[in-house]
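>>> Next one to model:
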Amino acid sequence: MKNTDNLCMNCFSELTDGSVCKECGFDNDSEQDIIYLPRHSVLNDRYIIGNLVSHESDAAVYMAYDSQLGEVVNVREFLPKGIAGRLEGNLDVHIGERFKSSFIRLKASFTNLWSTLIKIKNLSAVTPTYDLFEANGTAYAVSEYMESISLREFLLRNPDGNTDWENARIMFMPVLTTLEALHSNGIIHGAICPDNLLLCRDGKVRLKGFCISEANIASLELEFNVNDGYTAIEQYDNNHKVGPATDIYAFSACIFRALVGQNPPDAKSRETNDRLMIPNTIAEKIPTYVIRALGGGLQIYPEKRTQDINTFREQLNAAPAVVAAAGQASDSKKEKATDPVEEEENYVGYPGYPDEKDNSKRNKIIIAVLVVFIAVACIAGVIVAKNGGFSDRETSEAVSLATYTVPDFTSAGYTQSDIENNGAWNKQFTITFDSRYSVDVDEGIVFEQSIDAGETVDERTAIVLTVSKGVQTAEVPDVGGLTLDEATKQLTELGFEVSTVEVYNDGSHMVNTIKTNYGIAPEAGTVCAVGEEVILQVYGEVTTTTTSATAED
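Numbering: from 1, shown residues only. Below you'll find the predicted structure:
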């Protein structure tokens with residue numbers, strides 16, 4: 001087996017000068033959290049584990065080296081958040097007693113998903129997976145590693161954060177064949193978004209981010225993966241069913257993002273305000289049939305959405321059969337009154353939709369309608385389009401190249417994803433993010449900015465936005481049997497407040513130790529907010545009873 005002692009554990013290039021890799025910049029002396037496999041660990045006598053890439057809802061993903069093939073790979077370890085962890089010095093995963101049945105069931109889902117992906121590994125838009133095995137009390141899947149950038153990163157490198165349909169068509173259309181094959185094999189991706197579409201060095205676009213289905217549907221036992229603007233309404237807690245139309249929604253949202261330069265609003269907000277806005281300058285460059293296809297793919301409710309990939313592909317290609325069907329439907333509409341529900345079925349809600357009833361009846365058959373109000377600016381003599389995108393602000397075609405006014409990033413409930421996917425903001429400013437726990441702001445929401453809103457700054461000025469990590473939580477450790485000092489040290493280091501209750505000691509317990517059974521409240525393994533009080537039952541001094549006898553005269 002190859003000696004990796006002098007290799008970078010992130011890219012597996014040779015280290016030539018200290019611990020920081022000159023190729024990728026990774027510091028090999030940095031620590032990896034104890035719940036993850038230590039770097040240099042070996043799995044299956046073959047895979048040398050490197051740096052942690054990400055920890056998604058159901059699994060941790062590592063850079064790794066396949067010593068048999070001599071290739072860098074990705075190893076995916078089934079490690080569901082909130083259910084499984086690892087104790088220091090032990091490679092076996094640790095599962096709390098109350099989660100064991102869930103872990104077994106979810107691991108079976110993991111094994112089924114990745115064994116199916118191995119069988120269909122020749123799909124052009126999926127990174128091939130070629131090994132699946134069990135070790136350390138869990139399961140692992142091994143996939144090829146491919147150099148790539150995400151679609152989101154690619155778009156943000158473009159001047160306006162978007163691209164035209166001709167480029168988008170080349171990127172997106174080949175992925176539809178893969179999606180169709182996945183659906184025919186019973187796999188719903190469930191998490192398609194610009195971060196999970198990769199532009200690879202070989203010129204192909206590939207899907208990543210596969211998770212078990214339980215991670216892509218709101219549930220109580222597994223963290224729910226939410227991609228604002230891309231997660232379909234049926235993935236939230238409701239009565240709508242997840243199916244192929246779920247992926248069609250997310251894929252349509254990705255095309256929308258690529259063409260428009262902004263995320264569509266999240267599905268839950270669209271239930272009350274279903275308005276997808278496209279600036280006129282962009283809309284005029286998008287073929288009408290593409291707008292129609294996106295209208296069908298972005299219907300809020302899955303029952304009304306385009307149902308299968310083949311139909312969606314034909315709509316995006318303006319296939320003759322689709323054009324003929326649309327023409328027949330239009331003729332039918334002219335001959336008879338249309339049921340209001342059916343009318344609504346094909347209406348997406350672009351801004352400026354005409355209010356006149358006659359026009360409504362005539363045009364609602366068109367799946368996506370785009371009309372932007374245009375006014376002539378008398379003084380400047382230029383055309384100004386109401387280009388709200390996702391706001392009501394007016395923008396003009398004349399934009400200052402030198403200075404910009406800093407937006408209010410903190411009052412509108414923006415997420416990091418909202419801001420990262422706003423092409424205009426990322427062109428105007430250099431935006432970076434940090435994160436901090438907050439008891440007042442929901443997780444994922446931006447709540448501080450380094451430069452106040454309203455200030456005028458030079459182009460590309462650096463702005464740091466702080467994103468809420470939500471309420472900080474920690475798992476209550478099992479301190480039963482420890483001394484009070486030892487238990488208090490463990491708990492306070494995790495941020496808990498400690499209080500004690502003295503309990504009876506019959507002499508069989510050491511004084512000042514924690515009761516082992518039901519001696520901790522909340523009980524060991526409970527995930528609580530940092531700062532919460534943990535009550536310990538502590539054995540006191542041994543209680544003795546003396547009986548004195550009095551002699552009677």
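
>>> got any ranges where the stretch 451-553 of the chain has weak pLDDT?
Along the stretch 451-553 of the chain, the model assigns pLDDT under 70 to residues 544-553.

>>> all helices for it, in order.
484-493 (DSSP state H, counting those that start in this stretch).

>>> Quick one: residues contacting R169.
Residues in contact with R169 (C-beta atoms under 8 Å, 6 or more residues apart in numbering) are L316. For glycine as for every other residue, the C-beta is placed from the backbone atoms N, C-alpha and C.

>>> Tell me the buried residues in the helix or strand harbouring it?
With secondary structure defined by DSSP states H and E, R169 is part of helix 165-184. By 16 or more other C-beta atoms under 10 Å, the buried positions in helix 165-184 come out as 165, 168-169, 171-172, 175-176, 178-183.

>>> Report all helices and strands that the helix or strand that that helix is followed by contacts.
Proceeding N to C from helix 165-184, the next assigned helix or strand is strand 197-200, under DSSP H and E. Judged by 3 or more C-beta pairs under 8 Å, 6 or more residues apart in numbering; DSSP states H and E, strand 197-200 is in contact with strand 148-150, helix 151-157, helix 165-184, strand 205-207.

>>> would a markdown table of those with distance to V498 be doable?
Shown next, in a markdown table, are the helices and strands packed on strand 197-200 (distance: least, C-beta to C-beta, whole Å):
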| stretch | distance to V498 |
| --- | --- |
| strand 148-150 | 44 |
| helix 151-157 | 44 |
| helix 165-184 | 51 |
| strand 205-207 | 48 |
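
>>> Determine which of the ones you listed approaches T4 most closely.
Proximity to T4 (C-beta to C-beta) singles out strand 148-150 among the helices and strands packed on strand 197-200, at 23.6 Å.

>>> So what are the sheet partners of the closest one and their directions?
Each strand paired with strand 148-150, and its direction, by DSSP bridges: strand 197-200 (antiparallel).

>>> quick one: contacts of the partner strand?
Identification of contacts with strand 197-200 by C-beta under 8 Å, 6+ apart yields 127, 146-151, 154, 171, 175, 205-208, 254.

>>> looking at those, which has the most residues close by?
Taking other C-beta atoms under 10 Å as the neighbour criterion, C254 ranks highest of those with 27 neighbours.

>>> any low-confidence regions in this structure?
1-2, 220, 319-402, 544-553.

>>> just the buried residues of helix 165-184 now: which is nearest A84?
Ranked by distance to A84 (C-beta to C-beta), the buried residues of helix 165-184 are led by L182 at 26.4 Å.

>>> what's around the closest residue to the closest one other than its chain neighbours, how many residues?
Closest residue to L182 apart from its sequence neighbours, by C-beta to C-beta, 6 or more residues apart in numbering: H189 at 6.5 Å. Using other C-beta under 10 Å, the number of residues around H189 comes to 24.

>>> likewise K107?
Using other C-beta under 10 Å, K107 is surrounded by 21 other residues.

>>> Repeat that for the one 3 residues further on.
Burial measure for F110: 25 neighbouring residues, criterion other C-beta under 10 Å.

>>> And for the one helix or strand it maps to, what's in contact with it?
Assigned by DSSP H and E, F110 belongs to helix 100-119. The contact list for helix 100-119 (C-beta under 8 Å, 6+ apart) reads 58-59, 76, 78, 80, 83-84, 95, 126, 129-132, 138-139, 141, 185-187, 210, 212-214, 221-222.

>>> repeat that for 6 Å
The contact list for helix 100-119, computed with C-beta atoms under 6 Å, 6 or more residues apart in numbering, reads 78, 80, 83, 95, 129, 132, 139, 141, 185, 212, 221.

>>> do the same with stretch 29-45
9, 19, 48-50, 52, 60, 85-86, 88, 133, 135.

>>> What subset of those residues is buried?
Among the contacts of stretch 29-45, those scoring as buried are 9, 48-50, 52, 60, 85-86 (criterion: 16+ other C-beta under 10 Å).

>>> can you state the direction angle for the helix holding R169 and helix 100-119?
120 degrees (axes from the mean of the first three to the mean of the last three C-alpha atoms, to 10 degrees).

>>> any idea how far helix 165-184 is from the chain center?
Distance, stretch centre to chain centre, for helix 165-184: 21 Å (C-alpha atoms, centre = their mean, to the nearest Å).

>>> Please apply the same query to stretch 113-129.
For stretch 113-129, the distance to the chain centre is 21 Å (C-alpha atoms, centre = their mean).

>>> Equivalent analysis for stretch 484-495, please.
Averaging C-alpha positions (C-alpha atoms, centre = their mean) puts stretch 484-495 34 Å from its chain's average.

>>> Equivalent analysis for stretch 299-313, please.
On C-alpha atoms, centre = their mean, the centre of stretch 299-313 falls 23 Å from the chain's centre.

>>> which outside residues touch it?
176, 179-180, 233-234, 240, 244-245, 248, 270, 296-297, 345.

>>> Name the SS class of D228, please.
Assigned by DSSP: H, G, I helix; E, B strand; the rest coil, the conformation of D228 is coil.

>>> list the contacts for it?
For D228, the contacting residues are 266, 415, 417, by C-beta under 6 Å, 6+ apart.

>>> again, 7 Å this time
263, 266, 415, 417-418 (C-beta atoms under 7 Å, 6 or more residues apart in numbering).

>>> For G444, see how far away it is.
Plainly put, D228 is 8 Å away from G444 if you go by C-beta to C-beta, to the nearest Å.

>>> Also E144?
Using C-beta to C-beta, E144 is found at 31 Å from G444.

>>> between those two, who's got more neighbours?
Per other C-beta under 10 Å, whichever of E144 and G444 has more neighbours is G444, with 18 against 15.
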